[in-house]
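Undergrad: kindly return the folded structure for what I paste below:
(one chain, ligands or ions: 1)
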Amino acid sequence: MNTLAASFRQAFRSEPALLVRAPGRVNLIGEHTDYNDGFVLPCAIDFAATVAVAPNGLGRFRVYAADYAAHDEFPATQLPAHSPQTWANYVRAVVWAFAQRGLLPPHGADMAVGGNVPQGAGLSSSAALQVGVAKALQTLYGWDGDATALAQLAQAAENGFVGCRCGIMDQLASARGRAGHALLIDCRSLETEAVPLPQDWRVMIVHSNVQRGLVGSEYNLRRQQCETAARHFGVAALRDLDEAAFEAGKRGLDATVARRARYIIRENRRTLDAAEALRRNDAAAVSRLMAQSHAGMRDEFEITHPAVDTLVALLNDVAGTHGGARMTGGGFGGCVVALLPQALLAEARQHLAAHYHARTGLREQIFVCTPQNGAAVLPPESWQTPEQNGNG
Ligand code: GAF
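TA: Model (predicted):
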């Protein structure tokens, strides 16, 4: 926080008016179900994007990316165009979404952005940044939308400006996360329910270090296939089908599209079952549901990667029926999430260190996370260095 406030001061020779922190997320189960109007079960994590902002009265946005030491600038008086800098488009996208809704005053603002969400890992670094920018502008301009409206605005920015047809999960997890809880989201009604994680359980995230390729095109293709299947069945979304209806009506459906649809239908069921299993602290059920979810992503939805499959198998060696593991996020590489009792963490680390590199040539990276609250404006005391606020 102090670093970002300092970056802001250095870049703009003025004080930030406010600082916002917006977390990344890890999804425990319910993958690719969000854009099928289904259910997801993510938690906000302790990696976050940070945004510092102040009005500048110049009729322009001036943006500084602290992690790249890069600048961007564009008029506040018209809809922003695309920038050649990838990072800058995430900020411009949110400004664009505000402008589209008539929520953008012409005064202009200075903004410094930064953060520590690992990029390209499937932990929603871009959604965190967009929710952070949206929260900062919302607070600066006094727009009174709630956290769900904020998430919808950030999703519209991603869909309409960046061009990824993502669902609402990442933005809603970042905006609405709750400390110590996973968030069961009904992606049709956008209702959320905070489900407590059993006290002794830990969320271990393991980055496979597989560089994710083709994510955008394969993601949009999966979405198209799901829409084709929904049209075949004459329903608004795959959320509206159960397995019996699927079996009864699948004739004539392309075999690949049928596999995709069956995965979504089962994954929706598994997500509801997993939330129920968490509520009753049933580790064996969580373990089984996460294993089935991973197998579905590997064999039916076909979004995993051999190295990711290896990581999951290694984690399951340790977890047994006491915890679970599966790939998390959009897929094609990135991270695996494991829910494990605290007592098994050290053994899991040792087992991965002994076998992951030997089997794949890759090195794992481990983060143990605690579910966090969603995006928030930070009190000015927390901008200070430890020395300045007297905590030494
Ligand atoms: C990405 C998307 F942005 C989400 O909306 C979701 O579909 C996820 O992939 C897969 O569950 O993170």
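
Undergrad: interface residues of the stretch 51-200 of the chain facing the ligand?
TA: By the rule Cβ under 6 Å from any ligand atom, the part of the stretch 51-200 of the chain lying against the ligand is 124, 166, 167, 169, 170. Using the backbone N, CA and C atoms, a C-beta is placed for each residue, glycine as well.

Undergrad: please tell me how far the fourth one sits from residue 194.
TA: Per Cβ to Cβ, to the nearest Å, residue 169 is found 15 Å from residue 194.

Undergrad: residues in contact with the nearest residue to residue 337 once chain neighbours are set aside?
TA: If the residues on either side of it in the chain are set aside, residue 337 comes closest to residue 328, at 4.1 Å by Cβ to Cβ, 6 or more residues apart in numbering. Residue 328 sits next to 26, 27, 28, 31, 122, 205, 334, 335, 336, 337 when contact means Cβ atoms under 8 Å, 6 or more residues apart in numbering.

Undergrad: quick one: residue 328 from the ligand, how far?
TA: Distance, residue 328 to the ligand, using Cβ to the nearest ligand atom, to the nearest Å: 8 Å.

Undergrad: which one of the contacts of residue 328 is nearest to residue 106?
TA: Nearest to residue 106 among those, counting by Cβ to Cβ, is residue 122 at 37.7 Å.

Undergrad: over to residue 186: give its phi and psi.
TA: The phi and psi torsions at residue 186 (degrees, to the nearest 10) take the values phi -90, psi 110.

Undergrad: follow-up on the earlier one: now, of the contacts of residue 328, which are buried?
TA: Neighbour counting with 16 or more other Cβ atoms under 10 Å marks 26, 27, 28, 31, 122, 205, 334, 335, 336, 337 as buried within the contacts of residue 328.

Undergrad: just the ones of the residues you listed in helices?
TA: Judged by DSSP state H, those include no members of helices.

Undergrad: that older thread, which one of residue 169 and residue 194 has more residues nearby?
TA: Shown here are residue 169 and residue 194; by other Cβ atoms under 10 Å, residue 169 has more neighbours (29 against 15).

Undergrad: correct me, but that one touches residue 41?
TA: No. Here residue 169 lies out of contact with residue 41, judged by Cβ atoms under 8 Å, at a distance of 9.3 Å.

Undergrad: report the set of residues contacting both of those two.
TA: With Cβ under 8 Å, 6+ apart, residue 169 and residue 41 have common neighbours 27, 30, 185.

Undergrad: the last one contacts residue 172, correct?
TA: Yes. Taking Cβ under 8 Å as the definition, residue 185 is a contact partner of residue 172 at 5.6 Å.

Undergrad: overlap in contacts of the two?
TA: Shared contacts of residue 185 and residue 172, defined by Cβ under 8 Å, 6+ apart, comprise residue 192.

Undergrad: sorry, back to before: tell me the one among the contacts of residue 328 nearest to the ligand.
TA: residue 31 (4.0 Å; Cβ to the nearest ligand atom).

Undergrad: does the closest one touch residue 329 like I think?
TA: Yes. Counting by Cβ under 8 Å, residue 31 touches residue 329, with 7.4 Å between them.

Undergrad: follow-up on the earlier one: where is pLDDT lowest across the contacts of residue 328?
TA: Here the lowest pLDDT out of the contacts of residue 328 sits on residue 122, with 88.

Undergrad: now for that one: which residues touch it?
TA: Shown in contact with residue 122 (Cβ under 8 Å, 6+ apart): 212, 327, 328, 329, 330, 331, 333, 334, 335.

Undergrad: need the max-distance pair from those.
TA: 212 and 328, at 12.4 Å, using Cβ to Cβ across these.

Undergrad: now, the contacts of residue 328 that are in strands?
TA: Judged by DSSP state E, strands contain the following of the contacts of residue 328: 26, 27, 205, 335, 336, 337.

Undergrad: quick check: end-to-end length of stretch 29-45?
TA: This stretch, stretch 29-45, spans 15 Å end to end (Cα to Cα, to the nearest Å).

Undergrad: start at 46, not 1
TA: Done: numbering now begins at 46, and the last item shifts to stretch 74-90.

Undergrad: now the residue lying closest to residue 299 once chain neighbours are set aside. Its backbone dihedrals?
TA: Nearest residue to residue 299 in three dimensions, chain neighbours excluded: residue 273, at 7.6 Å (Cβ to Cβ, 6+ apart). Dihedral pair for residue 273: phi -60, psi -50, per degrees, to the nearest 10.

Undergrad: repeat for residue 115
TA: Phi and psi for residue 115, reported as degrees, to the nearest 10, are phi -120, psi 150.

Undergrad: repeat for the one 5 residues further on
TA: With angles defined as degrees, to the nearest 10, residue 120 sits at phi -70, psi 150.

Undergrad: can you check residue 417 too?
TA: Main-chain torsions, residue 417, degrees, to the nearest 10: phi -120, psi 170.
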